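Peer 1: Sharing a model prediction with you, sequence too.
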Amino acid sequence: MPWVQQLAMRAFIAGHTALYRLTSGRIGGKVVGLPVLLLTTTGRKSGLRRTVPLVFFEDGERLVVIASKGGDPRDPIWWLNLQKNPEAEVQVGAEHRRMRARLASPDERARLWPRAKHENPRYAEYEKRTAREIPVVLLCT
């Protein structure tokens, strides 16, 4: 991605995150009708806290996020961070929760991936753009 696009994306994410926090998710809590959470991870190299807004859905008490990165051949940084340190903070609306991330098992993925593509058809497009299996990530209390 060209540096100008990267800069624009970082600015968008920072603005989205700030509005979400300021309004407890009233602004930024949905994107194209899909629910959004804020995921805060610990940087695997820097040790700094990093926050990213992500579309999610619920599976019982667990939250499900998809590490699609728009179909990029590489995993998103937030997923790389969680692989090194699975402890995270999640904000859904005004509620803050400490959660632990893990990759969905093959059986869980077989059940959740079709649901993810149904709820957000863009995931099917992203799947076509990449040779990697897009991770289905579970956030558990």
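Peer 2: On my side now, so go ahead. Just so it is clear, the model here is predicted, and its values are computed rather than measured. Numbers count the residues shown, from 1 in each chain.

Peer 1: State the distance from the residue nearest the centre of the chain to Leu38.
Peer 2: Nearest residue to the geometric centre of the chain (CA atoms, centre = their mean): Leu54, 3.7 Å. Note on Leu54: its distance to Leu38, by CB to CB, to the nearest Å, is 8 Å. Glycine gets a C-beta too; all of them are placed from N, C-alpha and C.

Peer 1: how far is the longest helix along the chain from where the chain is centred?
Peer 2: In the chain, taking DSSP state H as the definition, the longest helix is helix 3-23. Taking CA atoms, centre = their mean, to the nearest Å, the mean C-alpha location of helix 3-23 is offset from the chain mean by 14 Å.

Peer 1: Which strands and helices lie in contact with that helix?
Peer 2: Contacts of helix 3-23 with other secondary structure elements, assessed using 3 or more CB pairs under 8 Å, 6 or more residues apart in numbering; DSSP states H and E, are made with strand 34-42, strand 49-55.

Peer 1: Now do the longest one against helix 3-23, angle only.
Peer 2: Calculated by axes from the mean of the first three to the mean of the last three CA atoms, to 10 degrees, strand 34-42 forms an angle of 100 degrees with helix 3-23.

Peer 1: Low-confidence ranges, the protein, go.
Peer 2: Flagging of the chain using pLDDT under 70 yields the residue ranges 1.

Peer 1: Apart from its chain neighbours, what residue comes closest to Leu82?
Peer 2: Across the structure, with CB to CB, 6 or more residues apart in numbering as the measure, the residue nearest Leu82 apart from its sequence neighbours is Ala101 (4.2 Å).

Peer 1: Next, give phi and psi for that neighbour.
Peer 2: The main-chain torsion angles of Ala101 are listed as degrees, to the nearest 10 and equal phi -100, psi 150.

Peer 1: show me the contacts for it.
Peer 2: Listed by CB atoms under 8 Å, 6 or more residues apart in numbering, the contact set of Ala101 reads 82, 86, 88, 137-140.

Peer 1: List only buried entries from those residues.
Peer 2: For those, burial is judged from neighbour counts taken by 16 or more other CB atoms under 10 Å, and it is met by 82, 86, 88, 137-139.
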